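Visitor: Predicted model follows, preceded by the sequence.
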2 protein chains.
Amino acid sequence: MRLYIIKIGGNVIDNEQALQKFLSEYASLNAPKILIHGGGKVATDISAGLGIEAKMVEGRRITDAETLKIVTMVYGGLINKRVVASLQKHTCNAIGLTGADANIVKASKRPVKNGIDYGFVGDVESVQAPVLMNLLQAGLSPVIAPLSHDGQGNMLNINADTMASVTAVALSKLAEVHLVYCFELKGVLENFEDKNSVIADITPDKYQELKEKGIISKGMIPKLDNSFDAIASGVASVRICHADDLIALVNKEEKVGTTLRK
Amino acid sequence: MRLYIIKIGGNVIDNEQALQKFLSEYASLNAPKILIHGGGKVATDISAGLGIEAKMVEGRRITDAETLKIVTMVYGGLINKRVVASLQKHTCNAIGLTGADANIVKASKRPVKNGIDYGFVGDVESVQAPVLMNLLQAGLSPVIAPLSHDGQGNMLNINADTMASVTAVALSKLAEVHLVYCFELKGVLENFEDKNSVIADITPDKYQELKEKGIISKGMIPKLDNSFDAIASGVASVRICHADDLIALVNKEEKVGTTLRK
């Protein structure tokens, strides 16, 4: 079975018009599919509204107990259900999940490192691929929020890119998995000033070269590291493309965005 | 198949200790089960924190667009996932759902009546009992938040008692369904001042009599109306009991709470 795992980031989530366009196109993809969504700015806005200040340590956000509540509400509730209700409108039988639901993704709280406690942030321990496969075979399309649980009753915050790649790796034992990161650019760019300078293919060797030359920017590195790990672990392909290019990529099998290869 | 549908109300949700005790007992019930949870005060607290005032018309809360966001976050995210994570801790393989997920409960926006627009409040149109049955047969325990969708992309607020009864009725076509309303009292009381004056059994005739005598209080009437409708529509039994009495009722089959009969 050819299975698409598609990750959509915060930029699209934050733009209602772009989100609705994306979801109507996602619904029309003619393949079994799983959607992983990021968080967007809503959580920050609601935190601010409630007077909860974002805690930062060395430029990284700390998920304290109050922030965990907010992300559980916003990612697991508001965004996840908005996406599900929209997909249902487009007759895509979506089912919204977090890692805690049906225990699909279990994690452990990230250990304190160099004196930094990131709080309720999880490192993924296991993914129940057969449960997801059963849902897919029942004609359902899972929509997964970037949240997990520790098996001890606590929810944990998970990076959405990581959620996408661990899910893809686990399912690659049972299906031919194509992982697609949709974002606001046409792909990985040769020149950030030229939004059309998409690098069509990147191999691990070329990735090293691009990093050494400083062509691949800091923000892309975790996404690409995750992607090459996924490929090394059995995922058939990883693409990075614009959210607008999804139908071209999946239904028309056009060569769009950046393809990462072995 | 003997199936329990258990509704837990706001009073238990609001008390962390009572909730955890209830969930550990719920997890240990030795029967297939579905949990329907209410909202509790958290939504009101968060609305107040965000400066959103509860809109009331003739003593009834209006679900305007802002309130809908809050209940989607709190019921569908915070409470639902807290319950799921706790049940997972107790090795009950819970899966949290709203009516939008897998389209299990579809509703339509309540029409304006006598000039009152209740806003995003739903009247249930359909329940996909086979989907719930498939989840149960896969060893999963659905945990359902009192939210639905209209098939047009909008979430809708649903009364949790109603959610429990419509789900019970739909599943009664496929299983022997026992509906249990858990709350903070031992059952329907003969004398509200005496918390032990539980009325063991109520038939429709007795219900009329109790209403005429003013013994059944205003707040209980919608719950009991729902319950008798459910029984008339095929639900095997409806019990109203204290959250603490669940194990006695299900695992020990003791005679606790109030039983509603044909």
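Guide: That came in fine, so what should we check first? Numbers count the residues shown, from 1 in each chain, chains lettered A, B, ... in the order given.

Visitor: ok, A:Ile13 - contacts?
Guide: A:19, A:37-40, A:42, A:79 (C-beta atoms under 8 Å, 6 or more residues apart in numbering or on different chains). C-betas here are computed from N, CA, C, even on glycine.

Visitor: mind checking how far it is from A:Leu87?
Guide: According to C-beta to C-beta, to the nearest Å, A:Ile13 stands 14 Å off from A:Leu87.

Visitor: Where neighbours are concerned, which of the contacts of A:Ile13 has the most?
Guide: A:Ile79 (29 neighbours; other C-beta atoms under 10 Å in any protein chain shown).

Visitor: for it, helix, strand, or coil?
Guide: Recorded secondary structure, A:Ile79: helix (DSSP: H, G, I helix; E, B strand; the rest coil).

Visitor: Equivalent analysis for the one 5 residues further on, please.
Guide: Using three-state DSSP, the secondary structure recorded for A:Val84 is helix.

Visitor: give me the number of residues near it?
Guide: Using other C-beta under 10 Å, A:Val84 has 32 other residues around it.

Visitor: which ones are touching it?
Guide: A:94-96, A:143, B:98, B:100-101, B:149.

Visitor: List the contacts of the closest residue to chain B within the stretch 51-200 of chain A.
Guide: Nearest residue of the stretch 51-200 of chain A to chain B (C-beta to the nearest C-beta) works out as A:Gly77 at 2.1 Å. By C-beta under 8 Å, 6+ apart, the contact set of A:Gly77 is B:72-78, B:80-81.

Visitor: rerun at 6 Å
Guide: If you count contacts by C-beta atoms under 6 Å, 6 or more residues apart in numbering or on different chains, A:Gly77 has them with B:72-73, B:76-77.

Visitor: Same list (the residues you listed) but as TSV, adding pLDDT and secondary structure.
Guide: Below are these laid out as TSV (pLDDT from 0 to 100; DSSP: H, G, I helix; E, B strand; the rest coil):
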residue	pLDDT	secondary structure
B:Thr72	97	helix
B:Met73	96	helix
B:Gly76	98	helix
B:Gly77	97	helix
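
Visitor: what's around the residue nearest to A:Val57 when sequence neighbours are not counted, how many residues?
Guide: Closest residue to A:Val57 apart from its sequence neighbours, by C-beta to C-beta, 6 or more residues apart in numbering or on different chains: A:Ile116 at 5.4 Å. A:Ile116 sits with 12 neighbouring residues when counted by other C-beta under 10 Å.

Visitor: For B:Thr98, see how far away A:Gly77 is.
Guide: From A:Gly77 across to B:Thr98, the span is 9 Å (C-beta to C-beta).

Visitor: what is in contact with those two at once?
Guide: Contact criterion C-beta under 6 Å, 6+ apart; residues shared by A:Gly77 and B:Thr98: B:Gly76.

Visitor: ok, which residues in the stretch 51-200 of chain A are in contact with chain B?
Guide: A:72-73, A:76-78, A:81, A:84-86, A:88-89, A:95-96, A:98, A:100-103, A:134, A:138, A:140, A:149, A:152-153, A:155 (C-beta under 6 Å from any C-beta of the partner chain).

Visitor: all helices of the stretch 151-262 of chain A, in order?
Guide: With DSSP state H, counting those that start in this stretch, the ranges of helices along the stretch 151-262 of chain A come out as A:160-171, A:204-212, A:220-232, A:246-250.
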